[in-house]
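Enquirer: when you get a sec, could you give me coordinates for this:
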Amino acid sequence: MSEAHVHLILNHIPVLGTLFGIALLTGGLAARSTPVRMAGLVAFVLSAVAALAAYLTGEPAEHLVEKLPGVSGSVIERHEAAATVALAASLLAGAAALASLLLCRFRKPTASLALAAVLVLAVASAGTMSWTANLGGQIRHTEIRASGGDSPVTQQQGRDDEREHDD
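Expert: Numbers count the residues shown, from 1 in each chain. Sure thing, here's the model as predicted:
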C-alpha cells in the first residue's frame with residue numbers, strides 16, 4: 001500500500017466523522033440526551049486526530065502523484081492550501097470538543113455555551129473539510145474541475161465536436 005493509498009483512506013474519516021458528529025451533537029441537544037451529546041463530542045475529537053493523520057500523509061502522496069499524466073500542480077497546491085485551513089478548523093473544533101467533554105463531566109454552568117460553540121466550530125470544520133475534499137478529488141478526477149480548460153475530458157469533447165462539424 002502506497003502513501004497515496006493511505007492518504008486516500010484517511011482523508012475520508014475527518015470529513016464523514018465531522019458530519020456524523022454534527023448529527024449526533026444536534027440530535028443530543030434536541031433530545032436532551034447527554035450520552036448522545038458526548039458521542040458527538042468524541043466524534044469531533046477523533047475526527048481532528050484523523051485530520052492530522054490525513055494531513056501528514058498528504059505530502060508523501062503528493063510526491064507519488066505529481067508526475068502522473070493529467071495531474072495539475074496548481075490543483076495540488078490549491079488542495080494543500082485548503083488542507084492547512086481545514087486542519088486548523090478541525091483541530092480547533094476537536095480541542096473545543098475535548099474542553100466541552102471536561103466541562104460537561106463536571107457539570108459546569110458554561111457547558112451549554114461550550115456545546116453551542118463546538119457546534120459552530122464543527123460546522124465551519126465540515127465546510128472547510130468538504131471544500132478540501134472537493135479540491136483533492138480534482139487532482140485525479142479532471143471531470144470535476146471547475147475550469148475544465150485543461151481537462152483531458154474537455155479536450156476530448158473539443159475533438160469530438162470538431163469531428164461532428166467536419167462531417
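
Enquirer: next one: the residue most central in space within the chain from A117, what distance?
Expert: In the chain, the centroid-proximal residue (Cα atoms, centre = their mean) is M129; its distance is 2.5 Å. Distance from M129 to A117, counting by Cβ to Cβ, to the nearest Å: 18 Å. C-beta: built from backbone N, CA, C; applies to glycine.

Enquirer: check R140 too.
Expert: Taking Cβ to Cβ, one finds R140 at 37 Å from A117.

Enquirer: looking at this structure, which helix or strand does the model trust least?
Expert: Across the helices and strands of the chain, the lowest-confidence element by mean pLDDT, DSSP states H and E is helix 152-166, at a mean of 42.

Enquirer: still on that earlier bit, do you know the pLDDT at the residue nearest to the centre of the chain?
Expert: We have a pLDDT of 95 for M129.

Enquirer: now do I144
Expert: For I144, pLDDT reads 66.

Enquirer: repeat that for F20.
Expert: 98.

Enquirer: do the one 4 residues further on as well
Expert: What the model reports for L24 is a pLDDT of 97.

Enquirer: which residue is the nearest non-sequential neighbour of it?
Expert: Once flanking residues are discounted, L24 sits nearest to G40: 3.4 Å by Cβ to Cβ, 6 or more residues apart in numbering.
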